[in-house]
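Student: The following comprises the amino acid sequence and a computationally predicted model.
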Amino acid sequence: MASAVPPPVRSEVLLLFRSLLRTAREFADYNIREYTKRRTIDAFRQNRDLSDPSAVVAAFADGKSQLEVARRQVIVHSLYAPKVKNVMEIKH
Amino acid sequence: MASALRAAILGHIRVPVSQTLTLNGSKLSLFGAVRSMSSHGDDHLTKEEVIDRVLDVVKSFPKVDPSKVSPDVHFQKDLGLDSLDNVEIVFALEEEFKLEIPDKEADKIDSCPLAIEYIYKHPMAG
């Protein structure tokens, strides 16, 4: 059990939030992009009122690992980018 | 059809030579819009456009009551949003205007007037 890891400051949490959203934007695939944005917003909202510091630390660490996953996946997906634009992206 | 129109107009227009010489090489578009010397300053957004689009983005945010939105609302004080919503709104504004706002600046934007001010001054707002 991690002892006395300080819980993240508000600015760190907001920075993580913004980094996740920015990384989401880099996905070429519409679906993955929208899902990543939606999921981060939902997850941060859900964990907003956590009071137990160890839960906060755990959630923050989870968010950071997810950010790493997303960053790697952006690169991998760009190697297999879809050739056709998703119908939702066609502007009328 | 535009070319026929242009040909017809060309037949009638007399552009004095001295005028074209003073425009240091930039072409005079025949349909009225005179490009002045600035390279890309012309297609900068007007303040009204910026205000309209910013308000649209804020109004279409699901947690916001559209009737409360005006160009001088504060996101957290007047619209009852929290800091996460603030980040989301700034992010939506980035997408709308195709900007990349650095984190330091984005942290400062927490009201409509600040957002409008920042976007209006940004040279790359589109």
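Tutor: Received the coordinates, thanks.
Student: ok, now how distant is residue B:12 from chain A?
Tutor: Note on residue B:12: its distance to chain A, by CB to the nearest CB, to the nearest Å, is 39 Å. (Each C-beta comes from the backbone N, C-alpha and C, glycine too.)
Student: Number of residues surrounding that residue?
Tutor: The number of residues packed near residue B:12 is 6, by other CB atoms under 10 Å in any protein chain shown.
Student: If I look at it, what pLDDT would I see?
Tutor: Looking at residue B:12, its pLDDT reads 71.
Student: Could you list the contact residues of chain B toward chain A?
Tutor: B:82, B:83, B:84, B:87, B:88, B:91, B:95, B:103, B:106, B:107 (CB under 8 Å from any CB of the partner chain).
Student: check contacts around residue A:86.
Tutor: Contacts for residue A:86 (CB atoms under 8 Å, 6 or more residues apart in numbering or on different chains) come out as A:29, A:30, A:31.
Student: Now with 10 Å, please.
Tutor: A:28, A:29, A:30, A:31, A:33, A:34 (CB atoms under 10 Å, 6 or more residues apart in numbering or on different chains).
Student: Please identify the buried residues of the longest helix along chain B?
Tutor: In chain B, with assignment by DSSP state H, the single longest helix is helix B:83-97. Within helix B:83-97, the residues scored as buried using 16 or more other CB atoms under 10 Å in any protein chain shown are B:83-94, B:96-97.
Student: Just send those residues back as CSV, with pLDDT and distance to residue A:5 too.
Tutor: Listed next are the buried residues of helix B:83-97 as CSV, based on pLDDT from 0 to 100; distance: CB to CB, whole Å:
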residue, pLDDT, distance to residue A:5
B:83, 89, 22
B:84, 91, 22
B:85, 91, 28
B:86, 91, 27
B:87, 91, 24
B:88, 92, 28
B:89, 92, 31
B:90, 92, 29
B:91, 92, 29
B:92, 92, 33
B:93, 91, 34
B:94, 91, 32
B:96, 90, 38
B:97, 89, 39
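Student: Tell me the gap between stretch B:47-57 and the middle of its chain.
Tutor: Remark: stretch B:47-57 is offset 8 Å from the chain centroid, using CA atoms, centre = their mean, to the nearest Å.
Student: mean confidence score for that stretch?
Tutor: Summarised as a single mean, pLDDT over stretch B:47-57 is 89.
Student: just to revisit the earlier point, and the following helix or strand past the longest helix of chain B, what does it pack against?
Tutor: Proceeding N to C from helix B:83-97, the next assigned helix or strand is helix B:103-108, under DSSP states H and E. Packed against helix B:103-108 by the contact rule (3 or more CB pairs under 10 Å, 6 or more residues apart in numbering or on different chains; DSSP states H and E) you find helix A:10-25, helix B:83-97, helix B:112-121.
Student: Nearest to residue B:74 among those would be which one?
Tutor: Residue B:74 lies closest, by CB to CB, to one member of the helices and strands packed on helix B:103-108: helix B:112-121, at 7.6 Å.
Student: For the closest one, what is the distance to the chain centroid?
Tutor: 11 Å.
Student: Those residues of chain A touching chain B, which are they?
Tutor: Contact residues, chain A versus chain B (CB under 10 Å from any CB of the partner chain): A:10-11, A:13-15, A:17-19, A:21-22, A:24-25, A:37, A:40-41, A:44-45, A:48.
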